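Student: compute the structure for the input listed below.
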Amino acid sequence: MVEARRGRGTYTDDTQMMIALAESLIAQGRVDADHLARAFLDAYDAGRGYGSGTRRVFELWRSGVSVADAAGRVFNGQGSRGNGAAMRIAPIAVRFRDDPDRLCDEAAASARVTHTHTVGVDGAVVQAATIGAALRGEDILRTGRSVARTVELRCALDEVEGLLDRERTPAEVSAHLGSSADACQSVAAALYCTMANDRFEAAVPFAVRLGGDTDTVAAMAGAVTGARDGLGAIPTRWLEALEDSHRGRSHVHSLAADLCLSPPSRNIACR
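Tutor: Numbering: from 1, shown residues only. Here you go, the predicted structure:
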């Protein structure tokens, strides 16, 4: 869990990297690894609570290691299996929502800029695919399971389905699925929060109560639930309490509008 560094309503690295991804995607029209890496570096603010793996990748880029090579050098050469790529992936899902195959390809390309472990990449693809499915009004869990490529993610999503047989407490869900920074745990936990709650106002607090990597699990649950329910489902008092710096709430709203311009979407979240 990342402790609050700037007070209530301010955002963490999850949103900061999401903003940078959205800006790069709008500028390039696709995932351009070098452009995206530069966007991440330009936006970096240590006070937002970046994870150790991401910070190390940034250090490698600054030292001259290529974007293609740096992510594979962390965690003893295995790459990160963390949720850093999944937490920021929503702009990919919005931009390519009507082209599911392209959506998954771009999500994987975005993930590999900082994460090369198969679980880290798979988590980002599953998260993006479920957001896309929610925007299209399709079965969210079925879509996530259909695109998962690792045994860990497939098993975790199977467990999500099993847990939906009755109402569960956050402690029960966390005990079964986990809620750490591991992409397998947090992507599954976030999806459970969406599937088990029919309101945005219930899904996000439930994610926070899981404990663990709370800002990321809640951000991912909010992304899928928001895509499913639309902007109008987010309580106005929550929106008004959000940070509105030069890259705050108003800027994010304008980025979302730009991402939605092409191709058109049928979902209220993009209106």
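Student: can I get stretch 8-22 in CSV, CA atoms only?
Tutor: The C-alpha trace of stretch 8-22 is given here as CSV (Å, rounded to 0.1, in the frame of the first residue of the first chain):
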residue,chain,number,x,y,z
ARG,A,8,-6.9,13.7,0.7
GLY,A,9,-8.1,13.7,-2.9
THR,A,10,-4.6,13.7,-4.5
TYR,A,11,-3.5,11.0,-6.8
THR,A,12,-0.6,8.5,-6.7
ASP,A,13,1.7,7.0,-9.3
ASP,A,14,-1.2,5.0,-10.7
THR,A,15,-2.9,8.1,-12.1
GLN,A,16,0.3,9.9,-12.9
MET,A,17,1.4,7.1,-15.2
MET,A,18,-2.1,6.8,-16.7
ILE,A,19,-2.0,10.5,-17.6
ALA,A,20,1.4,10.1,-19.2
LEU,A,21,0.1,7.1,-21.2
ALA,A,22,-3.0,8.9,-22.3
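Student: pLDDT weak spots in this structure?
Tutor: 1-6, 262-271 (pLDDT under 70).
Student: would you map the strands across the stretch 151-271 of the chain?
Tutor: Counting by DSSP state E, counting those that start in this stretch, the stretch 151-271 of the chain has no strands to list.
Student: that one: helices as residue ranges?
Tutor: Counting by DSSP state H, counting those that start in this stretch, residue ranges of the helices within the stretch 151-271 of the chain are 151-163, 170-177, 183-196, 200-209, 214-229, 236-240, 249-260.
Student: tell me which of the ones you listed is the most buried.
Tutor: Among the helices of the stretch 151-271 of the chain, helix 183-196 has the highest mean neighbour count (mean count of other Cβ atoms under 10 Å), at a mean of 29. Placement of C-beta: from N, CA and C, glycine included.
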